[in-house]
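> kindly generate the corresponding structure for this input.
(2 chains)
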Amino acid sequence: DTEVTQTPKHLVMGMTNKKSLKCEQHMGHRAMYWYKQKAKKPPELMFVYSYEKLSINESVPSRFSPECPNSSLLNLHLHALQPEDSALYLCASSQDSREGSGELFFGEGSRLTVL
Amino acid sequence: KNQVEQSPQSLIILEGKNCTLQCNYTVSPFSNLRWYKQDTGRGPVSLTIMTFSENTKSNGRYTATLDADTKQSSLHITASQLSDSASYICVVSARTGFQKLVFGTGTRLLVSP
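Residues are numbered from 1 along each chain as shown, chains lettered A, B, ... in the order given. Here you go, the predicted structure:
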């Protein structure tokens, strides 16, 4: 099983809503990532969790709140988002977060639209 | 500054033809280079990953090359199929202790019948 599963696939929310994106992997990976991707742009790193601890926050606004309940799950809690936050949010995982630790497996993404 | 540049930005080829995509990078110190295929609105899927000591790697009809001296890589697609239409992203990992990936902006390939 080499899958990273993301839900929901599509999400439309208002600026006052609170919603969450979920990511799950069962490959025994100890590093999980959130990326944001705008149309026709490369993915931009948001957060890295290593062994269930937040190791990197790329200066992401506090309206995005990550959570790693266990080694298989990664959530991204969304609150008071802006229309410019509309994007494809990609979850990824790898064996661990050290360089040279092999493949980075991406999920299918959650398409977020903020009205 | 760590950068990855890809060319061409977009490409249209006829089904059955071959094509080659280019990637130049300035990432240092270098750890590895990956090629991903990304269909529109979907997550990237890994095609190849190469370390400093590897200069070619194949995955079916995809063959990647790496010249670490000139800091160039190419992705050759043989006998293209309609399903090859996608964006191809070159990603270079820096040897920084943590897996810091530098993404190229991608080449959008359209295979036409």
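> what's near enough to touch the closest residue to residue A:112 other than its chain neighbours?
Closest residue to residue A:112 apart from its sequence neighbours, by C-beta to C-beta, 6 or more residues apart in numbering or on different chains: residue A:11 at 5.1 Å. For glycine as for every other residue, the C-beta is placed from the backbone atoms N, C-alpha and C. Residue A:11 makes contact with A:19, A:21, A:110-113, according to C-beta atoms under 8 Å, 6 or more residues apart in numbering or on different chains.
> just give me the neighbour total for residue 53.
Let's take chain A. Other residues within reach of residue A:53, judged by other C-beta atoms under 10 Å in any protein chain shown, total 8.
> oops, wrong one, chain B.
7.
> who's the residue nearest the centre of chain A bridged to?
Most central in chain A under C-alpha atoms, centre = their mean is residue A:34, positioned 2.8 Å from the mean C-alpha point. Counting by DSSP bridges, residue A:34 is bridged to residue A:47, residue A:91.
> what do you get for residue A:78?
residue A:19, residue A:64.
> quick one: low-confidence parts of chain B?
Along chain B, the parts satisfying pLDDT under 70 run over B:97.
> and it, which residues reach chain A?
Residues of chain B lying close to chain A (C-beta under 8 Å from any C-beta of the partner chain) are B:31-32, B:34, B:36, B:41-46, B:49, B:51, B:89, B:93-101, B:103-106, B:108.
> recalculate using a threshold of 7 Å.
Listed as neighbours of chain A in chain B under the rule C-beta under 7 Å from any C-beta of the partner chain: B:31-32, B:41-44, B:46, B:49, B:89, B:93-101, B:103-106.
> filter these down to the buried ones.
Buried members of the residues of chain B next to chain A, scored by 16 or more other C-beta atoms under 10 Å in any protein chain shown, are B:31-32, B:42-44, B:46, B:49, B:89, B:93-95, B:98-101, B:103-106.
> count of neighbours near residue B:82?
Other residues close to residue B:82 by other C-beta under 10 Å number 10.
> and stretch B:7-24, which residues are buried?
For stretch B:7-24, the neighbour count (16+ other C-beta under 10 Å) marks B:11, B:13, B:19, B:21, B:23 as buried.
> mind putting these into CSV with secondary structure?
Formatted as CSV, the buried residues of stretch B:7-24 follow (DSSP: H, G, I helix; E, B strand; the rest coil):
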residue, secondary structure
B:11, strand
B:13, strand
B:19, strand
B:21, strand
B:23, strand
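> and the furthest pair within those residues?
Spatial extent of the buried residues of stretch B:7-24 (C-beta to C-beta) is set by the pair B:13 and B:23 at 17.9 Å.
> run through chain A and note the low-pLDDT ranges.
Using pLDDT under 70, chain A drops low at A:1-2, A:99-101.
> could you pick out the residues of it near chain B for me?
Where chain A comes near chain B, counting by C-beta under 7 Å from any C-beta, the residues are A:42-43, A:88, A:90, A:94, A:97-101, A:103-104, A:106-109, A:111.
> please pick the buried ones from these.
A:42-43, A:88, A:90, A:94, A:97-99, A:101, A:103-104, A:106-109, A:111.
> returning to that earlier point: how much space between the residue nearest to residue A:112 and chain B?
Using C-beta to the nearest C-beta, to the nearest Å, residue A:11 is found at 13 Å from chain B.
> work out for me the element that residue sits within.
Take DSSP states H and E as the rule and residue A:11 turns out to sit in strand A:10-13.
> could you dump that strand to PDB, C-alpha only?
Extracted C-alpha coordinates of strand A:10-13, given in PDB (Å, rounded to 0.1, in the frame of the first residue of the first chain):
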ATOM      1  CA  HIS A  10     -13.300  19.400  -2.900                       C
ATOM      2  CA  LEU A  11     -14.200  21.900  -0.200                       C
ATOM      3  CA  VAL A  12     -16.100  25.200  -0.600                       C
ATOM      4  CA  MET A  13     -16.200  27.400   2.500                       C
END
